[in-house]
Structure formats: structure tokens, C-alpha cells
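Chemist: fold the following, please.
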Amino acid sequence: FTYAPTARLWSIRLLTAIAAQEGMTLHKFDLKSAFITADMDKELYVDIPGFDLKQSEAVLLKKALYGGRSSGALYSREINNWLLQYGFKPTSTDETLYKLTVPSGGVVYLSLYVDDGLCATNDPKLLDKFLKDLSQRYQLSDTGVCEWHLGMRFVQSLEDGTITLDQESYIESVLRRFGMENCNAVKTPMIPHTYLSKHDCPTVADRESIKYYQQLVGSLMYISCGTRPDIAHAVNSCSQFMSNPGPTHIEAAKRILRYLKGTKSHHLRYKTHKDDSRNVLFGYVDADHAGDKDDRKSVSGYILMLNGGPVSWSSRKIKVTSLSSFESEWYSASMCGCEVQVLRRTLEELGFVQDAPTVLFEDNAACIYSSDPDRPMNSRSKHIDTRVFKLRELVGDKVLQLVKISSGEQLADNLTKGLPECSVLKFCQQVFGYD
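Modeler: I've put the predicted structure just below:
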């Protein structure tokens with residue numbers, strides 16, 4: 001590869017949730033001029049502007065340069081080798097998430113986003129030693145307690161054992177960028193029970209509208225993926241018309257901005273639990289059968305919680321056409337089950353083994369019944385793709401446990417369709433921890 005791997009946002013949230021539970025403080029550092037510390041892996045000659053070189057002369061490049069095709073990969077390989085020699089071990093699910101343990105019981109967790117590092121530790125002296133050793137190899141800027149990382153604000157409170165994440169500043173910059181800073185706020189990201197359609201696309205694509213729309217939805221995507229699961233479905237719906245948006249689609253995207261204007265202070269909150277729920281993963285999964293009115297495909301949604309806040313969520317269209325609501329829920333639960341496997345493995349490698357199956361709250365009784373591997377499959381479900389039979393395997397291996405929940409209590413319903421104000425408010429109260 002020719003790039004520097006970057007930390008997944010879910011792994012950053014996972015690390016934050018663990019730090020809140022374990023009473024750890026998140027620490028931030030930055031490696032300056034990091035790329036030029038990496039040695040070149042092949043001969044490369046360059047011409048330097050301003051130097052008087054003969055026509056047949058060139059300069060042999062010994063170190064990677066910013067802008068080089070493989071500079072990111074060379075730096076990533078170099079910093080990874082240094083961390084491995086120091087004693088860090090990367091997780092198998094995110095190669096930029098590391099763990100360092102010492103015999104005394106001290107531990108350091110490290111999330112690396114190219115040259116931005118985020119650390120958590122139960123031994124401040126161990127962290128200080130690591131940063132001192134790292135500064136001898138790289139030019140390091142130690143910013144101390146993390147307040148900002150990747151455009152997200154971190155507010156850490158040791159008194160009440162909470163860490164919050166928000167993108168209020170980024171949302172304000174997006175509002176200004178698109179001239180919406182003085183817009184009127186709305187209570188929901190979508191008009192309830194409405195759907196976007198390809199029939200609203202213009203017959204002739206307008207380049208300026210496409211550029212504007214792609215920039216707007218791209219900005220909304222980062223907010224949605226970072227700290228705002230409440231707009232995930234609305235952004236997912238808008239993102240399906242990036243190549244030829246119409247006025248209806250542009251207005252739908254602007255409505256999300258109007259919703260964010262009134263809710264820009266919403267934040268994820270992770271907190272300490274003193275009962276059996278500490279570091280225990282659980283989630284909600286749902287599907288909207290035939291939710292896409294153009295091709296009648298279903299929409300899947302799930303959200304996974306840890307230590308009081310969400311660490312992973314998704315709202316996406318299922319790629320196959322489901323013939324029943326049971327089939328839609330089955331596909332959705334299988335997709336969620338694969339994500340649960342990733343998170344459980346990550347938690348285990350970080351030292352937090354999930355002793356019991358991860359509970360997934362599901363509102364479809366047929367899906368729960370059919371997920372039991374000891375029960376025979378109904379003849380009407382024989383056509384379902386064998387890939388989704390992974391769900392029965394996960395339930396049989398005690399990785400998952402599907403638990404019935406009423407549709408009114410289904411948190412993931414907000415990730416599959418546009419809902420009225422009361423449902424959006426209830427979702428925000430549970431996800432963002434508001435009273």
C-alpha cells in the first residue's frame with residue numbers, strides 16, 4: 001500500500017469509553033515532520049528548485065518527503081516497527097490501535113491517526129517514559145490532556161467519571177461554509193415518514209449543483225460518522241443521489257443542517273459504571289422492510305453501546321431484496337453480528353473479555369426464533385443467502401443473544417427511517433444520555 005493507515009472512528013470511541021470506565025485520562029501528542037524520518041525503500045532521484053545542477057545531475061533522496069506517493073506507507077512502516085520494538089502490540093481489528101503492558105501491571109493504550117496520537121493509561125509514569133523515549137526518535141509536541149482530536153472536542157471530568165465527545169465547533173464551521181449560520185432550526189433531521197427518490201433527479205445534471213451537494217453531504221458524513229448517530233439515516237438517504245441531485249435532495253440535505261443548528265451541543269457521553277454493566281457491550285438492531293421506494297430494498301440499522309454511550313452504529317441499504325420483514329430483520333441482525341464480533345475481539349485484545357453473549361435487542365419475534373441453531377429453519381426461509389446464516393452460528397457460539405423488545409422501545413428504529421419529533425427526542429435522550 002502507499003498510504004498511512006488511520007485509526008477507525010469506532011476504535012477511538014471504544015478507547016474513550018474504556019478510559020471513562022477505568023478512570024483514565026486521555027492524553028494527546030503530535031509527531032512533527034514525521035514523514036521525513038522514514039528511510040526510502042528504493043532509489044529515487046529528484047531535482048531541487050533553486051540549486052544549480054548540471055543537466056546530467058540529480059539528487060538522491062534518502063528520506064521520504066511529504067507529497068511522495070509512498071511516503072505515508074514508509075512512515076507507517078517505520079513507526080509501527082518502532083512501537084513493536086518498544087513492546088506495543090497492535091490489535092488484529094485496527095492496526096493503528098496498540099496496547100503496551102509491563103510486569104508491574106501498568107498499561108498504555110495508543111490510537112494513532114497518521115502522526116496524531118491519543119493515549120490512555122493507568123500509570124502516568126509509564127506514559128511519561130514512553131513519551132520521553134518517543135521524543136528521542138521523533139520531534140514530538142506533547143499537548144497534555146486531550147481537548148481536541150480530529151475535529152472532535154473531548155471534555156474529561158475525573159470528578160464524575162465522564163468523558164464527552166462533540167463536534168459543535170465543526171458543525172458551526174459547516175453552517176458558516178454553506179451560509180446556514182442564521183437558518184431556522186428544526187426538530188427532526190428528516191420530514192417524518194418521507195422518502196427521497198431518484199424520480200426527483202433532474203434529466204440534465206448540473207455541475208455546480210453536484211459539486212455543492214457533494215461538498216455538503218461529505219461534511220455531513222463526517223459529523224454523522226463521528227459523534228451524531230441521530231442523523232445517520234438522513235445522511236445515508238442523501239448520499240444515494242451524489243451523482244445527480246435535484247432540488248428536493250438539496251433541500252433534504254439543508255434540513256439536516258437546520259436540525260444540527262438546533263442540536264449542535266449534542267454530545268456522546270461515556271461514564272463509569274460500578275455494577276455488572278461495566279465494559280459490557282450491548283446493542284439494538286432493526287430494519288425497515290422495503291424502505292427504499294425506488295428499488296424496494298430494505299434499510300438496516302444498528303447501534304452498539306458501551307459504558308453509557310454508542311461506540312458503533314450504521315444505517316445502510318441492504319444489498320439484496322427481502323421478501324418479508326423477517327428476512328429484512330435477519331439480514332440486518334447478521335450484519336450487526338459481524339460488527340459485534342469485531343468489537344468483542346478488540347475488547348478482548350485490550351484486556352476486557354466479554355464473559356457473556358452480547359445482547360442485541362430485536363423487535364421481530366420470527367428473527368429471534370430462527371436465530372436459535374437448535375430450531376429447524378422454516379421452508380419459507382430456504383432461499384435466504386447462506387452468508388446470513390452466520391447469525392445462527394454466532395448465537396450457537398454464545399457470541400450473541402437476541403432479546404425481544406417492543407417496537408416502541410427499539411432504539412435502532414431511528415436509523416432506518418425518518419421519525420416524528422417525539423421519537424427523535426427519545427432516541428437522543430437514550431443515546432446522548434440526556435435526562
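Chemist: quick one, strands of the stretch 101-250 of the chain?
Modeler: Using DSSP state E, counting those that start in this stretch, the strands of the stretch 101-250 of the chain run over residues 107-113, 116-121, 139-145, 148-149, 152-157, 162-166.
Chemist: mean neighbour count, distance to residue 46 and mean pLDDT added to these, as JSON lines?
Modeler: C-beta coordinates here come from the backbone N, C-alpha and C atoms, glycine included. Formatted as JSON lines, the strands of the stretch 101-250 of the chain follow (neighbours: other CB atoms under 10 Å; distance: least, CB to CB, whole Å; pLDDT from 0 to 100):
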{"stretch": "strand 107-113", "mean neighbour count": "23", "distance to residue 46": "28", "mean pLDDT": "97"}
{"stretch": "strand 116-121", "mean neighbour count": "22", "distance to residue 46": "28", "mean pLDDT": "97"}
{"stretch": "strand 139-145", "mean neighbour count": "13", "distance to residue 46": "23", "mean pLDDT": "94"}
{"stretch": "strand 148-149", "mean neighbour count": "16", "distance to residue 46": "34", "mean pLDDT": "97"}
{"stretch": "strand 152-157", "mean neighbour count": "17", "distance to residue 46": "37", "mean pLDDT": "96"}
{"stretch": "strand 162-166", "mean neighbour count": "22", "distance to residue 46": "42", "mean pLDDT": "97"}
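Chemist: closest to residue 393 out of these?
Modeler: Residue 393 sits nearest to strand 107-113 of all the strands of the stretch 101-250 of the chain, at 30.4 Å, using CB to CB.
Chemist: who touches that closest one?
Modeler: With CB atoms under 8 Å, 6 or more residues apart in numbering as the test, strand 107-113 has contacts from 6-7, 11-12, 15, 18-19, 24, 79, 83, 88, 96-101, 117-123, 126-127, 130, 149-150, 350-351.
Chemist: do you know which of the strands of the stretch 101-250 of the chain lies nearest residue 215?
Modeler: strand 152-157 (20.4 Å).
Chemist: quick one: low-confidence residue ranges for the chain.
Modeler: 1, 378-383, 385-388, 435 (pLDDT under 70).
Chemist: in it, where's the longest helix?
Modeler: Criterion DSSP state H: the longest helix present in the chain is helix 325-349.
Chemist: so after it, what's the next helix or strand?
Modeler: Using DSSP states H and E, the helix or strand that follows helix 325-349 in sequence is strand 358-362.
Chemist: how about that next one as CSV, C-alpha atoms only?
Modeler: The C-alpha coordinates for strand 358-362 follow below in CSV (Å, rounded to 0.1, in the frame of the first residue of the first chain):
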residue,chain,number,x,y,z
THR,A,358,-23.6,-9.7,23.7
VAL,A,359,-27.3,-8.9,24.0
LEU,A,360,-28.9,-7.5,20.8
PHE,A,361,-32.4,-6.1,21.3
GLU,A,362,-34.6,-7.1,18.4
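Chemist: now do the helices in the stretch 1-150 of the chain.
Modeler: 9-22, 71-86, 124-137 (DSSP state H, counting those that start in this stretch).
Chemist: and the ones you listed, which is most packed in?
Modeler: helix 9-22 (a mean of 24; mean count of other CB atoms under 10 Å).
Chemist: what's the spacing between it and its chain's center?
Modeler: Relative to its chain's centre, helix 9-22 lies at 12 Å (CA atoms, centre = their mean, to the nearest Å).
Chemist: got it, and stretch 36-51?
Modeler: Distance, centroid of stretch 36-51 to centroid of chain: 36 Å (CA atoms, centre = their mean).
Chemist: next: stretch 194-212.
Modeler: Stretch 194-212 sits 28 Å away from the centroid of its parent chain (CA atoms, centre = their mean).
Chemist: which one of the strands of the stretch 101-250 of the chain lies nearest to residue 255?
Modeler: Closest to residue 255 of those, according to CB to CB: strand 162-166, at 20.9 Å.
Chemist: just the C-alphas of the closest one, formatted as PDB.
Modeler: The C-alpha trace of strand 162-166 is given here as PDB (Å, rounded to 0.1, in the frame of the first residue of the first chain):
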ATOM      1  CA  THR A 162     -17.300  11.000  32.400                       C
ATOM      2  CA  ILE A 163     -15.800  11.800  29.100                       C
ATOM      3  CA  THR A 164     -17.800  13.600  26.400                       C
ATOM      4  CA  LEU A 165     -17.200  14.000  22.700                       C
ATOM      5  CA  ASP A 166     -18.800  16.600  20.500                       C
END
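Chemist: now that strand against strand 152-157, angle please.
Modeler: Angle, strand 162-166 to strand 152-157, by axes from the mean of the first three to the mean of the last three CA atoms, to 10 degrees: 160 degrees.
Chemist: now do strand 162-166 against strand 116-121, angle only.
Modeler: Using the same axes, to 10 degrees: strand 162-166 against strand 116-121 is 160 degrees.
Chemist: show me what strand 162-166 is in contact with.
Modeler: Strand 162-166 is contacted from outside by 13, 16, 19-20, 26, 152-157, 226-227, 265-272, 308, using CB under 8 Å, 6+ apart.
Chemist: in the stretch 251-400 of the chain, which spans are helices?
Modeler: For the stretch 251-400 of the chain, the helices defined by DSSP H, counting those that start in this stretch occupy 325-349, 365-371, 390-396.
Chemist: and the ones you listed as TSV, adding mean neighbour count?
Modeler: Shown next, in TSV, are the helices of the stretch 251-400 of the chain (neighbours: other CB atoms under 10 Å):
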stretch	mean neighbour count
helix 325-349	22
helix 365-371	19
helix 390-396	20
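Chemist: now these as CSV including distance to residue 281?
Modeler: Converted to CSV, the helices of the stretch 251-400 of the chain look like this (distance: least, CB to CB, whole Å):
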stretch, distance to residue 281
helix 325-349, 6
helix 365-371, 18
helix 390-396, 13
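Chemist: which one of the ones you listed lies closest to residue 232?
Modeler: Of all the helices of the stretch 251-400 of the chain, helix 325-349 sits nearest to residue 232, with 13.8 Å by CB to CB.
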